[in-house]
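A.B. asks: Build me a structure from this.
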Amino acid sequence: MSLLSSILYPAPRLHESRLKNRFNGRWVVVTGASHGIGEALVRRLMHYGANLYLLARSEPELQELCREARAMGCRASYRCVDLRDRLALNSVCGDLAKTLPSVDFLFCNAGKSICRRLVDAADRLHDFDRTMDLNYRSMVALSLTLLPALRRTGGQLVYTSSVSSLYPPAPKWSAYHASKCASNVWCRTAACEWHSLGIGVHVAYLPLVRTPMSQVNPNYHALPAYSAHDAAGILLRLALSKHFAYKPWWAWVTAPVASFLAPFVRFFYQKAAR
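C.D. replies: Predicted structure coming up:
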């Protein structure tokens, strides 16, 4: 790791014994569990002895993760599902309500990223539907379904967002940023309403993470980034904290400045978009 990377992306500090004590024997639901951050998160959770209910589209990977978890003494189940499919999502929600009477942690990690100019999306409304359905609607549906189960345990909801949603919106990312910002606002509302129920709500404004999804964009290849393993560590630490949000240290400084300078940022974006 270069000096710049280590400064911008310091490895998260975790207390392994505390994590094991907190997750051992607890029921954890993870979406987007078969690849990237979700897979890294699941592997860390099974190491801590968590019981797992996994949701993702890739059945072979889900089967292998569950096999490994059971071999380590964890209980593990999965549903192979495309959470953008509303009928399939309804089915999963019905199954979860019956299968898991109590849930300690819900990690809403499944996400879809899309980079396209609006002028090129005139006949692609489905791109916005699918992005919103996965990044926002599925999180809301699962959270509401599991509300009684989370309430029984004083459980925690952790949503994987993006640090880019803290800055003035950039060209080409309208579908992605709209879905993430909608989820951020929903989570802030839930954090207020569910506090009296004993349920914690958290948003992780993650910076760039080296995953198959992010590596599709060649512009990201040379940029510093977290590994999926470290990003999973950030989610775990946030789940055990009293803080609502995780932000990179530099976002605490630069995001307010960027907001103040938003008119100039928009002017720059307009020039760059020509």
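
A.B. asks: residues touching Ala251, list them.
C.D. replies: Taking C-beta atoms under 8 Å, 6 or more residues apart in numbering as the definition of contact, the neighbours of Ala251 are Val163, Leu166, Tyr205, Pro207. All C-beta atoms are positioned from the backbone trio N, CA, C, and that covers glycine.

A.B. asks: now, which of those lie within strands?
C.D. replies: Among the contacts of Ala251, the members found in strands (DSSP state E) are Tyr205.

A.B. asks: Tell me the one of the contacts of Ala251 nearest Asp85?
C.D. replies: For the contacts of Ala251, the minimum distance to Asp85 (C-beta to C-beta) is 27.7 Å, reached by Tyr205.

A.B. asks: Show me where the stretch 1-150 of the chain has its helices.
C.D. replies: For the stretch 1-150 of the chain, applying DSSP state H, counting those that start in this stretch gives helices covering 3-8, 16-23, 36-47, 59-71, 86-99, 125-132, 138-145, 147-153.

A.B. asks: Can I get the contacts of Ala251 in JSON lines including distance to Met46 and pLDDT?
C.D. replies: Formatted as JSON lines, the contacts of Ala251 follow (distance: C-beta to C-beta, whole Å; pLDDT from 0 to 100):
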{"residue": "Val163", "distance to Met46": "28", "pLDDT": "97"}
{"residue": "Leu166", "distance to Met46": "32", "pLDDT": "95"}
{"residue": "Tyr205", "distance to Met46": "26", "pLDDT": "98"}
{"residue": "Pro207", "distance to Met46": "26", "pLDDT": "95"}
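
A.B. asks: Quick one: the contacts of Ala251 as JSON lines, columns for neighbour count too.
C.D. replies: Compiled in JSON lines, the contacts of Ala251 are given as follows (neighbours: other C-beta atoms under 10 Å):
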{"residue": "Val163", "neighbour count": "19"}
{"residue": "Leu166", "neighbour count": "21"}
{"residue": "Tyr205", "neighbour count": "21"}
{"residue": "Pro207", "neighbour count": "19"}
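
A.B. asks: Could you work out the most separated pair of the contacts of Ala251?
C.D. replies: Between any two of the contacts of Ala251, the greatest separation by C-beta to C-beta is 10.3 Å, found for Leu166 and Pro207.

A.B. asks: Pull the number of nearby residues for Met132.
C.D. replies: By other C-beta atoms under 10 Å, 19 other residues sit near Met132.

A.B. asks: Report pLDDT for the residue lying closest to Cys74 once chain neighbours are set aside.
C.D. replies: For Cys74, ignoring the flanking residues on the chain, the nearest one in space by C-beta to C-beta, 6 or more residues apart in numbering is Met46 at 5.2 Å. Note on Met46: pLDDT of 98.

A.B. asks: How about Arg274?
C.D. replies: Among the per-residue scores, Arg274 holds a pLDDT of 62.

A.B. asks: that older thread, output the helices of the stretch 1-150 of the chain in TSV; the columns should cover distance to Phe264.
C.D. replies: Formatted as TSV, the helices of the stretch 1-150 of the chain follow (distance: least, C-beta to C-beta, whole Å):
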stretch	distance to Phe264
helix 3-8	23
helix 16-23	43
helix 36-47	33
helix 59-71	45
helix 86-99	41
helix 125-132	28
helix 138-145	33
helix 147-153	43
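
A.B. asks: Which among the ones you listed is found nearest to Ser183?
C.D. replies: Of all the helices of the stretch 1-150 of the chain, helix 138-145 sits nearest to Ser183, with 5.7 Å by C-beta to C-beta.

A.B. asks: Mind giving me the packing neighbours of the closest one?
C.D. replies: When contacts are defined as 3 or more C-beta pairs under 8 Å, 6 or more residues apart in numbering; DSSP states H and E, helix 138-145 packs onto strand 27-31, helix 86-99, strand 105-108, helix 174-194.
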